[in-house]
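Enquirer: sequence first, predicted coordinates after that:
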Amino acid sequence: MTKRAAIYCRISEDKEGLGLGVKRQEDDCVALVNRNGWEVVDIFTDNDISAYSGKLRPKYKEMVSRINEKEFDVVVVWHNDRLHRSPRVLEDFIDLCEKTKITVQTVQAGLFDLGTSSGRATARILGAVARQSSEQSSDRIKRKNLEVAMAGKPWGKKQRTYGHTECLSNIVEEEARAIQIVAKRFLAGESLYSLAKWLNENNYRTIKGGTFSTKAIRDILKSARISSRREY
């Protein structure tokens, strides 16, 4: 009987938004499925989503739901850390694999039979290593952000912030006046909804050219930069 394969692809950061990283994973996974003579039933892709941060992974959640329905016999991933970087989530997946008798086949690390004690032990060890790698990376980024903040340098985002030009080098006068007006009216008790309505009716636009929402105004008013402070 031909095995039914689910392919899962994920990458934590896609700065260009082109999906090239997950596409490379998909190509390698499809090649592995073809070499084994299996059938690709579906491909699940979570692009630009971390498995370490705890953010919802919609396609992972969908795949798990369909594994519960026993629609697949094997999950194919490029590497086991594409599936999990959280021991807690890994344990839930191990329970699922034990219940459904599904196996995990990786391009880079071979077979993970989570229905066996040795397979579970291997997955847990590699999961712990992946978790440590993510935590170390997070520590380095936090330390770098602190260094940049202490030096008074701009955040380094490519996209400018409302009221400033790129890299916070200069003030955009019209936007700065809008911030001043909105801040004064908010402190006087006016609602965010009313302020959003006023901005939109007076043809103020966000940096992307869209209309203002209450969330956009809240984010601006909460930002330390409008009072000449630095946050990181």
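Expert: Received it, and whenever you're ready, just let me know what you need. Here the structure is a predicted model, which means the values were calculated and not measured.
Enquirer: can you verify residue 216 is assigned to a helix?
Expert: Yes - counting by DSSP: H, G, I helix; E, B strand; the rest coil, residue 216 falls inside a helix.
Enquirer: burial measure for it, as a count.
Expert: 18 (other Cβ atoms under 10 Å). C-beta coordinates here come from the backbone N, C-alpha and C atoms, glycine included.
Enquirer: count the neighbours of the residue nearest to it when sequence neighbours are not counted for me.
Expert: Leaving out its chain neighbours, the residue that sits closest to residue 216 by Cβ to Cβ, 6 or more residues apart in numbering is residue 206, at 6.0 Å. Neighbour count of residue 206, defined by other Cβ under 10 Å: 16.
Enquirer: just checking, residue 206 is part of a helix?
Expert: No - using three-state DSSP, the assignment for residue 206 is coil, not a helix.
Enquirer: so what's it up against?
Expert: Residue 206 is in contact with 162, 212, 216, counting by Cβ atoms under 8 Å, 6 or more residues apart in numbering.
Enquirer: put together a markdown table for these, with pLDDT and distance to residue 136 on each row.
Expert: A markdown table is the format used below for the contacts of residue 206 (pLDDT from 0 to 100; distance: Cβ to Cβ, whole Å):
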| residue | pLDDT | distance to residue 136 |
| --- | --- | --- |
| 162 | 80 | 34 |
| 212 | 91 | 39 |
| 216 | 89 | 35 |
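Enquirer: now flag whichever of these is closest to residue 49.
Expert: residue 216 (23.0 Å; Cβ to Cβ).
Enquirer: what's near enough to touch residue 105?
Expert: Residues in contact with residue 105 (Cβ under 8 Å, 6+ apart) are 5, 32, 36, 74-77, 111-112.
Enquirer: 6 Å - rerun?
Expert: By Cβ atoms under 6 Å, 6 or more residues apart in numbering, the contact set of residue 105 is 74, 76, 111.
Enquirer: same question, residue 108
Expert: Contacts for residue 108 (Cβ under 6 Å, 6+ apart) come out as residue 79.
Enquirer: also residue 217?
Expert: Contacts for residue 217 (Cβ under 6 Å, 6+ apart) come out as 192, 195-196.
Enquirer: so which of the residues you listed belong to strands?
Expert: Using DSSP state E, no member of these falls in strands.
Enquirer: any chance of those in a markdown table, plus pLDDT, neighbour count and distance to residue 81?
Expert: Formatted as a markdown table, the contacts of residue 217 follow (pLDDT from 0 to 100; neighbours: other Cβ atoms under 10 Å; distance: Cβ to Cβ, whole Å):
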| residue | pLDDT | neighbour count | distance to residue 81 |
| --- | --- | --- | --- |
| 192 | 92 | 17 | 41 |
| 195 | 93 | 21 | 45 |
| 196 | 92 | 20 | 42 |
